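**Q** Build me a model:
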Amino acid sequence: MIRPRHFIFALFFRLTVAIAAPPLVAIDVGHGGPDGGATSARGRPEFAFNREFAGVLAGIMRGRGESVREVNFVGDIGSLVARPEQAAGSDFFISIHHDSIDESWLKPWLWQGTEQTYTEVKRGYGIFVSAHNPDLETSLICASSMGAMLRRAGFVPSAWHGRKHLAADAENGVWYYDNLVVLYRTTLPAVLFEAGVIKHRDEELELADPERQARMADALATGIAACLFVTGKSARE
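**A** The predicted structure is shown next:
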């Protein structure tokens with residue numbers, strides 16, 4: 001039987017460690033270098049959206065006293081395997097992306113004299129986990145926590161992913177994407193976050209809005225922190 005004083009000491013020790021060692025979250029910027037990722041409805045590369053939002057998320061987390069490890073913020077890591085390798089030693093890994101859609105759903109239009117493409121059928125965020133991740137349980141808890149906080153902040157997940165992916169928590173926008181290298185070639189719980197669909201003309205503008213970025217990043221940061229606290233991974237030794 002655990003004696004009360006022993007329990008109090010253990011709780012005090014755990015809280016002390018948590019305060020001394022805040023969670024370390026590795027934030028990866030998707031794409032970069034010659035691979036700019038998808039192209040938005042107005043011709044902007046996905047990497048620019050990814051880096052911008054990742055910077056906002058990193059700033060909010062650091063403002064809360066949490067630790068951040070930046071991965072590929074310069075866009076110079078071409079290897080997908082190298083990204084989770086650079087995150088080794090962190091408590092959690094999140095790869096930031098922005099979504100597109102199959103070409104068959106795209107329509108042509110002119111933007112500032114240049115022909116571009118857009119969609120009207122897909123918008124909203126998505127969170128992906130891999131069943132091959134070595135800590136799938138924590139990955140799923142964090143993904144659902146993030147999705148719940150996003151929904152609470154007024155963001156809507158895209159149901160479009162159900163066409164290709166099995167649902168892990170469809171209500172909160174969480175889907176299985178087992179073969180994503182950055183999710184299964186890691187020792188960490190990990191998710192890939194699609195902030196929205198940059199091929200949707202209206203959502204593209206929303207995704208570039210600083211106020212909206214901050215609100216979305218705040219919800220994500222809250223979901224991650226809550227998950228790491230509940231799972232006990234917020235106290236690194």
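
**Q** surely D218 meets A153?
**A** Yes: counting by CB atoms under 8 Å, D218 touches A153, with 7.3 Å between them. Any C-beta I mention is one placed from the backbone N, CA and C, and that applies to glycine too.

**Q** which residues in the protein form strands?
**A** 24-29, 67-71, 92-99, 107-111, 114-118, 126-129, 167-169, 174-176, 190-197 (DSSP state E).

**Q** Quickly note the distance from G89 to G78.
**A** According to CB to CB, to the nearest Å, G89 stands 22 Å off from G78.

**Q** could you list every residue that touches A219?
**A** In this structure, A219 makes contact with M146, M149, L150, R152, A153, F155, judged by CB atoms under 8 Å, 6 or more residues apart in numbering.

**Q** make it 6 Å
**A** Going by CB atoms under 6 Å, 6 or more residues apart in numbering, A219 touches M149, L150, A153.

**Q** want to throw these into CSV with distance to G30, pLDDT and neighbour count?
**A** CSV is the format used below for the contacts of A219 (distance: CB to CB, whole Å; pLDDT from 0 to 100; neighbours: other CB atoms under 10 Å):
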residue, distance to G30, pLDDT, neighbour count
M149, 21, 98, 22
L150, 18, 98, 26
A153, 22, 98, 15
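
**Q** so where's the chain shaky on pLDDT?
**A** 1-20, 234-237 (pLDDT under 70).

**Q** rerun that using 50 as the cut-off
**A** Filtered on pLDDT under 50, the chain yields the residue ranges 1-20, 237.

**Q** Would you point out which residue is most central in it?
**A** With distances taken as CA atoms, centre = their mean, the residue of the chain nearest its centroid is F193 (3.3 Å).

**Q** L188 and L110, how far apart?
**A** Separation of L188 from L110 (CB to CB) stands at 44 Å.

**Q** More neighbours: which of the two?
**A** Taking other CB atoms under 10 Å, L188 and L110 do not tie; L188 has more neighbours (23 against 8).

**Q** Now for the more buried one: which residues touch it?
**A** For L188, the contact set (CB under 6 Å, 6+ apart) comprises S90, F93.

**Q** If you tally nearby residues, what's the number for L180?
**A** 19.

**Q** what does D76 give?
**A** D76 is flanked by 8 other residues according to other CB under 10 Å.

**Q** still on that earlier bit, for the residue nearest to the centre of the chain, what are its contacts?
**A** F193 neighbours (CB under 6 Å, 6+ apart): I94, I96, I127.

**Q** ok, 8 Å please
**A** Per CB under 8 Å, 6+ apart, neighbours of F193: I94, S95, I96, H97, Y125, G126, I127, F128, M146, L220.

**Q** beta partners for it?
**A** I96, I127 (DSSP bridges).

**Q** Please report the distance of it from E103.
**A** Distance from F193 to E103, counting by CB to CB: 23 Å.

**Q** swap in V68?
**A** Counting by CB to CB - V68 and E103 are separated by 36 Å.

**Q** which one of the two has more residues nearby?
**A** Neighbour count, other CB under 10 Å: between V68 and E103, V68 has more, with 20 against 8.

**Q** so where do the helices sit in this protein?
**A** Using DSSP state H, the helices found in the chain span residues 4-20, 46-63, 82-86, 136-152, 181-184, 201-207, 210-231.
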